[in-house]
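In: build me a structure from this.
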Amino acid sequence: MRYFKLTIAYDGTDFHGWQIQADKPTIQGEIVNVLRRITQERIHLHGSGRTDAGVHALGQIGSFKTQSSLSAGEFQRALNAILPPTIRIMDAEETGPDFNARWSARGKIYRYRIYRGKVVPPSEWRYVLHYPFPLNEEKMREAAAKFVGLHDFASFAASTGSEEDDRERSTEREIYSTELARSPNNEELVYTVRGRSFLRYMVRKVVGTLLDVGRGRLQPEDIDKLYAMRDRSKSGPTVPPQGLCMVKVELEEAWKIGKP
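Out: Residues are numbered from 1 along each chain as shown. Next comes the predicted model:
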């Protein structure tokens, strides 16, 4: 048996998220279908995280095992030749059996783009939230800093859809860093967050809360109160998915072939 790692980029606009769903196009489903076609095997592809419908990625990580004799480069070329152009395999690498895209992930970086200009260029509308109205960006930066550290993010996550699962799941997450900055062209406000893992809709809820701070509906000091409330109805709205992108997955290094 041989083991492979894929670095995957995609435009999520036309897909129902990462995870395979019956009768709906998904990123995982598209790649699995092509892998099965190439290898004539029942391939299972693991991802480092599940992106929701409409969310994009520059550095999603996938892993699979196969008995195929194809090299990593041959897998990359074959996949890119058959996959739709909205999904690209940026890199392919052979690994050992200890590597798993989900369990080997040690951190993820997400980015959310808010377009502040009056008119969104046609090339950008799929990838940004358009918000041209006044915002107190200094207050938003002050609030963004309050998300760093280990906190209970129950107020900033969507329900799993099951009351029992909601009660049993841990909503504590550790955020390593956040940054809210203007883009080089000064047309966008970009929120970048790095953490170990994230709850469903968590980044989009955090951005919605930051926008409420910018609009004056909340104050930076309210973030600590929201942690204590554990009530998602009290935080800001869940912003649309198109502004969100999984930029990078940080991996442990021990899996690389040739390492002890």
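In: lowest-confidence helix or strand of this structure?
Out: Lowest by mean pLDDT, DSSP states H and E among the helices and strands of the chain is helix 163-168, with a mean of 59.
In: now name the helix or strand holding Glu74.
Out: helix 72-82 (DSSP states H and E).
In: who are the packing partners of that helix?
Out: With contacts defined as 3 or more CB pairs under 8 Å, 6 or more residues apart in numbering; DSSP states H and E, the packing partners of helix 72-82 are strand 2-10, helix 27-39, strand 87-95. Backbone N, C-alpha and C define where each C-beta goes, glycine included.
In: and the longest one, what does it pack onto?
Out: The helices and strands touching helix 27-39, judged by 3+ CB pairs under 8 Å, 6+ apart, are strand 2-10, strand 56-66, helix 72-82, strand 87-95.
In: quick one: which of these is nearest Ala145?
Out: strand 56-66 (25.0 Å; CB to CB).
In: circling back: which among the helices and strands packed on helix 72-82 is found nearest to Glu179?
Out: Taking CB to CB, strand 2-10 is the member of the helices and strands packed on helix 72-82 nearest to Glu179, at 21.8 Å.
In: angle of the closest one against strand 56-66?
Out: With axes from the mean of the first three to the mean of the last three CA atoms, to 10 degrees applied, the angle from strand 2-10 to strand 56-66 works out at 160 degrees.
In: keeping just the C-alphas, turn strand 2-10 into PDB.
Out: What follows is strand 2-10, C-alpha atoms only, in PDB (Å, rounded to 0.1, in the frame of the first residue of the first chain):
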ATOM      1  CA  ARG A   2       1.200   3.500  -0.800                       C
ATOM      2  CA  TYR A   3       0.200   6.800   0.800                       C
ATOM      3  CA  PHE A   4      -0.200  10.300  -0.800                       C
ATOM      4  CA  LYS A   5      -0.800  13.900   0.300                       C
ATOM      5  CA  LEU A   6      -2.500  16.400  -1.900                       C
ATOM      6  CA  THR A   7      -2.400  20.200  -1.600                       C
ATOM      7  CA  ILE A   8      -5.700  21.400  -3.100                       C
ATOM      8  CA  ALA A   9      -7.000  24.900  -4.200                       C
ATOM      9  CA  TYR A  10     -10.600  25.500  -5.200                       C
END
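In: ok and that strand relative to strand 87-95, angle-wise?
Out: Using the same axes, to 10 degrees: strand 2-10 against strand 87-95 is 150 degrees.
In: averaged pLDDT, strand 2-10. What do you get?
Out: Per-residue pLDDT values across strand 2-10 average out to 97.
In: which residues does Arg194 contact?
Out: Arg194 sits next to 107-110, 175-178 when contact means CB atoms under 8 Å, 6 or more residues apart in numbering.
In: closest to Leu70 among the residues you listed?
Out: Lys108 (28.8 Å).
In: just to be sure, the closest one is in a helix?
Out: No - counting by DSSP: H, G, I helix; E, B strand; the rest coil, Lys108 is not part of a helix but strand.
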